[in-house]
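1. build me a model from this:
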Amino acid sequence: MSVTEEQAAVLALTRATAGPWHHTARVVEARGSALRLVRGDLGELGGHDRAHAARVVARLRPGDLGRAEALIASCPAALVTVLDDDYPGNLACAHNLQPFLWVRGRLGAGDHRSVAVTGDAPGAHAAARALAAAGLTVVCDGPRTAGAAAASGGRAIVVGPDDGQPVTVVGGPGVGGAAAVVTVSPFWPGTAGTARTRAVTGLVTSGLAAALYATGDGDGERAAMALSQGKHVFAPPGLPWTPRLAYRGGVTVVAGIDELARQAVNLVDVTRLTTVF
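-> As a prediction, the model looks like this:
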């Protein structure tokens, strides 16, 4: 079984999935082979996982694998699936990881030292500059926020649908800025932006990072999602949702951008040095 065959099988199973894709991602990961699932070999999957896998496999159509392989060959972005060694570790640990990612650029070994930043307004740009200057990768869904990180000599990962065109990074220092920005799409190529894509973009943005900096009054839902993924949440003072979420722990209100950068570095490096048995 080649890597391309396994990747095509992941795409075929995802295409056949009714509802959210993360359960299929977990089933594929647990089985260790999407191609075996396609062939009806469910292995030792049990309970809900086995039932879900059986439903998905039953919806496969003749030619699905061939169509998936053709898509992989024609897409200019590189494909990474949950079965690949280079699938991002931060997202792999989230309960709602996605089965595949299309990546333009190269995800680096140091990108696990990252903080997601919500929004594309001046407050987000200032946070991106400070985090990038502190040596952290910035994960975001706004090109201006990515440009702010790149302009400070850092790296940024921009999440969202891939329409087949290069992402225009606003504020980056020319060629160097473009090289420092990676784009990641958890959607089919050519997918248009909708309410669903915005929701999935948000969960992948926080999932790819070790922590989230939520900048706006309306970011309570995204902060709650990040907490459910096991991420720490940072926020500026005065946001209306912080008292509601902070009682459970995992939320830190920072007085300013310098404190955000300092605490984020401490958090990320402590997390990196923690061994889970």
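2. so where do the helices sit in the protein?
-> For the chain, the helices identified by DSSP state H occupy 3-15, 22-31, 34-38, 47-58, 64-74, 89-92, 122-133, 143-151, 175-179, 195-207, 220-228, 242-246, 257-273, in order along the chain.
3. please identify the most buried of those.
-> Neighbour counts (mean count of other C-beta atoms under 10 Å) averaged over each of the helices of the chain peak at helix 143-151, with a mean of 27. Every C-beta, even on glycine, is put in place using the N, C-alpha and C of the backbone.
4. tell me the mean pLDDT over that helix?
-> Helix 143-151 shows an average pLDDT of 94 in the prediction.
5. what do you get for stretch 101-117?
-> Per-residue pLDDT values over stretch 101-117 give a mean of 95.
6. and the residue nearest in space to the middle of the chain, what does it touch?
-> Central residue of the chain (C-alpha atoms, centre = their mean): residue 204, 3.0 Å from the mean position. Residues near residue 204 by C-beta atoms under 8 Å, 6 or more residues apart in numbering: 91, 98, 101, 159, 184, 186.
7. tabulate those residues in CSV, adding columns for distance to residue 238.
-> Output for the contacts of residue 204, formatted as CSV (distance: C-beta to C-beta, whole Å):
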residue, distance to residue 238
91, 30
98, 33
101, 35
159, 27
184, 31
186, 32
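8. which ones among those residues map onto strands?
-> When strands are assigned by DSSP state E, the members of the contacts of residue 204 inside them are 101, 159, 184.
9. quick one: the last one and residue 159 touch, right?
-> Yes. Assessed by C-beta atoms under 8 Å, residue 184 is found in contact with residue 159 at 5.1 Å.
10. and the closest residue to residue 105 other than its chain neighbours, how many neighbours?
-> Spatial nearest neighbour of residue 105, excluding adjacent residues (C-beta to C-beta, 6 or more residues apart in numbering): residue 182 at 3.6 Å. For residue 182, the tally of surrounding residues (other C-beta atoms under 10 Å) stands at 22.
11. with the one 3 residues further on instead?
-> Residues contacting residue 185 under the criterion other C-beta under 10 Å number 26.
12. do residue 255 as well
-> Using other C-beta under 10 Å, residue 255 has 9 other residues around it.
13. coming back round to it: turn the ones in strands among the contacts of residue 204 into a markdown table, columns for distance to residue 2.
-> Written out in a markdown table, the entries for those read as follows (distance: C-beta to C-beta, whole Å):
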| residue | distance to residue 2 |
| --- | --- |
| 101 | 19 |
| 159 | 28 |
| 184 | 24 |
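14. cool, thanks, signing off.
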